[in-house]
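Visitor: Build the 3D model from these lines:
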Amino acid sequence: MADYLWAAGAVSLWLGVALTAAHPLMLEDVDAGARRALFQTLATLAGATAGLTLTSVSMLINVLGKKSAPGQRELPLERLSPLHRRQIGEVFLFAIPGLGLLVVGALVTVVLEGDGPTGLWIPEAVVFVLAFASVLALLRVAWALRRVLAIATG
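Guide: This is a model prediction of the structure:
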């Protein structure tokens, strides 16, 4: 939830500065083709990253569920408590819905804006909140992966 609060704060700051300076609120004055390309690219990146994150979840389940053979030394990841295993899984699973929402939001924005000469700042702001929150969630996923690798190899 903190990701969305930080993202909403950043986009609100952007909107506040734009209102104060009497500039367009989001990408309203950007060329329609450039806006379309940006939102299509965001949708593509979010979809690909969601797929990669989902694959990482299945691999993580396999790794965290692996047990040492009877009579052998305990594997490093076996020492993680069930609470820590759940927290690691939640980091990954939190990122996927946000990325899915970003795909949908970006594509809806492309459709709503069409070839109009100006953009629609409300759907653009929603997409930017989702994009910023997704980046924060993916940074946490990378951190969790780094920690799991450090535990597994250390």
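Visitor: what about the helices in the chain?
Guide: 2-20, 32-65, 82-113, 121-153 (DSSP state H).
Visitor: CSV for those, including mean neighbour count and distance to R73?
Guide: The C-beta positions use only the backbone N, C-alpha and C, and glycine is treated the same way. Listed next are the helices of the chain as CSV, based on neighbours: other C-beta atoms under 10 Å; distance: least, C-beta to C-beta, whole Å:
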stretch, mean neighbour count, distance to R73
helix 2-20, 14, 38
helix 32-65, 16, 17
helix 82-113, 18, 19
helix 121-153, 18, 14
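Visitor: Give the closest residue to the spatially most central residue of the chain in space, chain neighbours not counted.
Guide: Against the mean C-alpha coordinate of the chain, by C-alpha atoms, centre = their mean, the closest residue is S134 at 2.1 Å. Of all residues not flanking S134 in the chain, G98 sits nearest, at 4.7 Å (C-beta to C-beta, 6 or more residues apart in numbering).
Visitor: In contact with the one you found, which residues?
Guide: G98 is in contact with 3, 130, 133-134, 137, counting by C-beta atoms under 8 Å, 6 or more residues apart in numbering.
Visitor: still on that earlier bit, could you report the separation of the residue nearest to the centre of the chain from P123?
Guide: 16 Å (C-beta to C-beta, to the nearest Å).
Visitor: I'd assumed P76 was in contact with I151.
Guide: Yes - between I151 and P76 there is a contact at 5.3 Å, judged by C-beta atoms under 8 Å.
Visitor: where does this protein have low pLDDT?
Guide: Per-residue confidence for the chain (pLDDT under 70) gives these ranges: 75.
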